[in-house]
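*Asks:* Fold the following, please.
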Amino acid sequence: MLQLAVIRENKEKVIKALAKRNLDANNLVETVLDLDEKRRATQVELDNILAESNLLSKEIGEMMKSGEKAKAEIVKKKTAQLKEKSKDLSEKLEGYTTALSEELYKIPNTPADIVPEGKTPDDNVTVHQEGAIPVLHEGALPHWDLVKKYDIIDFELGVKITGAGFPVYKGKGARLQRALIAYFLDKNTAAGYQEYQVPHLVNEASGFGTGQLPDKEGQMYHAGVDDLYLIPTAEVPVTNLFRDVILNENELPILCTAYTPCFRREAGSYGAHVRGLNRLHQFDKVEIVRIEHPDNSYAALDGMVEHVKTLLQELKLPYRILRLCGGDMGFTSSLTYDFEVFSTAQDRWLEISSVSNFETFQANRLKLRFRDKDGKNQLAHTLNGSSLALPRVLAGIIENYQTPEGIVIPEVLRPYTGFDLIN
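*Replies:* As a prediction, the model looks like this:
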């Protein structure tokens, strides 16, 4: 969440920045500042009463020692009144503090200055495009027909055992999926990211820490009996490894990568654009996460973008990079770049990665800090990106690499698959 001090000291700037998200935040900000003022005033009043009560307690002790018991009894009655008043003020303070937190959780991150104006994905800005779009043979098919033709992914079996959006990968399809995961992890670790294996369920505190809760609660699978959430991305458990941690400045940056399955309800998703692998309830993804010094986070973001570019260059997939407009950015992001591959068979772009800088937004929730050279604690910056999400990468490979003889495996993946053709 946004830092309260930042809102307090830069009210108009925050409101103006949030307007780029097409959000009129005036009422939200005013509510936050009003609750903050009441909370602080109540805290001062409580502190004064507790100080007075402590002072009177010392006086009572001295009176008892000097034999002034009657006078001491009178003062005791006053301390009892102060104790009752302090109890009421403590409850009042707790109420203001809780209400303030709830309001702060409603405010999204402020967009960076270079985030373009806009309301919909049509307003995103293409900042880079690379790779020749292949010319496919006559009779080329979309991936949902190809996987059935070559018996490598079975959507109907997934429906049988779970439901729509839970495909079953088979034979060379499963091998290709595993090859992509291994390839992405190897590339990430070679770039300096430390690999983690993390839980696939998280508690509520973790969901709040990275901003999935309360914003995306309806999109997450919830195991009610244990009050745990299936992760929508490895970003959640990996970033929460550093919740309530104070790092030393010389420990930064911290680079992490992890493969996990991801689970998203995707409520309300339907139509041709979500067919096949285009949108799933369970899918595999390799993630990269960075904990950075605030001075270096945007250079780190550029480095992450370059890293993801190398993956797509080696896979020889046509792709483009979009800088998301204010209306299309995620709740927690300050700046996001989306990567899309072109599916020639579907004649459309498919999103396969988002790379984002959250600045201090997540770190403030996580209480993720570092101790600077002067010994002061500062909030770190957090970043993450898909490196990469598999379903649409797989769809792009299957469709763009199809030939009359079968689906050719990208050369860089052949050491991982052990075969060069699906036929």
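
*Asks:* going forward, measure contacts between C-alpha atoms and count neighbours the same way
*Replies:* OK.

*Asks:* And residue 392, how far from residue 164?
*Replies:* 17 Å (C-alpha to C-alpha, to the nearest Å).

*Asks:* now swap in residue 111 and tell me
*Replies:* 36 Å.

*Asks:* Between these two, which is the more surrounded one?
*Replies:* Using other C-alpha atoms under 10 Å, the more surrounded residue of residue 111 and residue 164 is residue 111, with 27 against 16.

*Asks:* My understanding was that the more buried one contacts residue 333; is that so?
*Replies:* Yes: using C-alpha atoms under 8 Å, residue 111 is in contact with residue 333, at 7.2 Å.

*Asks:* Where does pLDDT dip in this protein?
*Replies:* Within the chain, the stretches with pLDDT under 70 are 267-273.

*Asks:* Let me see the domain layout of it.
*Replies:* Following the TED database, one gets these domains for the chain: 4-106, 121-422.

*Asks:* Tell me which residues touch the residue lying closest to residue 197 once chain neighbours are set aside, please.
*Replies:* Closest residue in space to residue 197, ignoring its immediate chain neighbours: residue 258 at 6.0 Å, by C-alpha to C-alpha, 6 or more residues apart in numbering. Under the criterion of C-alpha atoms under 8 Å, 6 or more residues apart in numbering, the neighbours of residue 258 are 185, 195, 196, 197, 198, 234, 238, 286, 287, 288.

*Asks:* Please repeat the previous calculation with a cut-off of 7 Å.
*Replies:* By C-alpha atoms under 7 Å, 6 or more residues apart in numbering, the contact list for residue 258 reads 195, 196, 197, 234, 286, 287, 288.

*Asks:* Ok, residue 17 next?
*Replies:* Neighbours of residue 17 in contact, by C-alpha under 7 Å, 6+ apart: 110, 111.

*Asks:* now the residue of the chain most remote from its centre: how far from residue 61?
*Replies:* Among residues of the chain, the one most distant from the C-alpha centroid is residue 67; the distance is 65.6 Å, by C-alpha atoms, centre = their mean. From residue 67 over to residue 61 the distance is 10 Å, taken as C-alpha to C-alpha.

*Asks:* Between the two, which contacts overlap?
*Replies:* Between them, residue 67 and residue 61 share no contacting residue under C-alpha under 7 Å, 6+ apart.

*Asks:* where do the strands sit along the stretch 101-250 of the chain?
*Replies:* Assignment of strands within the stretch 101-250 of the chain using DSSP state E, counting those that start in this stretch yields the ranges 125-130, 153-154, 168-169, 194-196, 201-202, 222-223, 228-230, 246-248.

*Asks:* quick one: secondary structure of residue 385?
*Replies:* strand (DSSP: H, G, I helix; E, B strand; the rest coil).

*Asks:* so what's it closest to, chain neighbours aside?
*Replies:* residue 355 (4.0 Å).

*Asks:* So the one you found lies in a strand, does it not?
*Replies:* Yes: counting by three-state DSSP, residue 355 is located in a strand.

*Asks:* who are the neighbours in contact with it?
*Replies:* Residue 355 makes contact with 305, 336, 337, 338, 384, 385, 386, according to C-alpha under 7 Å, 6+ apart.

*Asks:* Buried deepest among the strands of the stretch 101-250 of the chain, which one?
*Replies:* strand 153-154 (a mean of 22; mean count of other C-alpha atoms under 10 Å).

*Asks:* Give the pairing partners of that strand; include direction for each.
*Replies:* If you go by DSSP bridges, strand 153-154 pairs up with strand 168-169 (antiparallel).

*Asks:* hmm, who's touching the strand it pairs with?
*Replies:* 152, 153, 154, 155, 157, 158.

*Asks:* change it to 6 Å
*Replies:* 152, 153, 154, 158 (C-alpha atoms under 6 Å, 6 or more residues apart in numbering).

*Asks:* What residues of the longest helix along the chain count as buried?
*Replies:* The longest helix of the chain (DSSP state H) is helix 26-65. Judged by neighbour count (16 or more other C-alpha atoms under 10 Å), helix 26-65 contains these buried residues: 26, 29, 31-33, 35-36, 38-39, 42-43, 46, 49-50, 53, 56-57, 60, 63.

*Asks:* so what does it touch, helix or strand wise?
*Replies:* Contact here means 3 or more C-alpha pairs under 6 Å, 6 or more residues apart in numbering; DSSP states H and E; on that basis helix 26-65 packs against helix 69-104.

*Asks:* starting at the chain centroid, how far to the helix it packs on?
*Replies:* Centroid separation for helix 69-104 versus its chain: 40 Å, with C-alpha atoms, centre = their mean, to the nearest Å.

*Asks:* Show me which parts of that helix are buried, residue by residue.
*Replies:* 72, 75-76, 79, 82, 86, 89, 92-93, 96-97, 99-100, 104.

*Asks:* tell me which of these is nearest to residue 359?
*Replies:* residue 104 (16.4 Å; C-alpha to C-alpha).

*Asks:* wouldn't residue 285 be in contact with residue 389 here?
*Replies:* Yes: counting by C-alpha atoms under 6 Å, residue 389 is a contact partner of residue 285 at 4.3 Å.

*Asks:* Can you pull the phi/psi pair for residue 422?
*Replies:* phi -110, psi 120 (degrees, to the nearest 10).

*Asks:* what kind of secondary structure is the closest residue to it other than its chain neighbours in?
*Replies:* Leaving aside its chain neighbours, residue 422 sits nearest to residue 407 (5.0 Å; criterion: C-alpha to C-alpha, 6+ apart). What three-state DSSP gives for residue 407 is strand.
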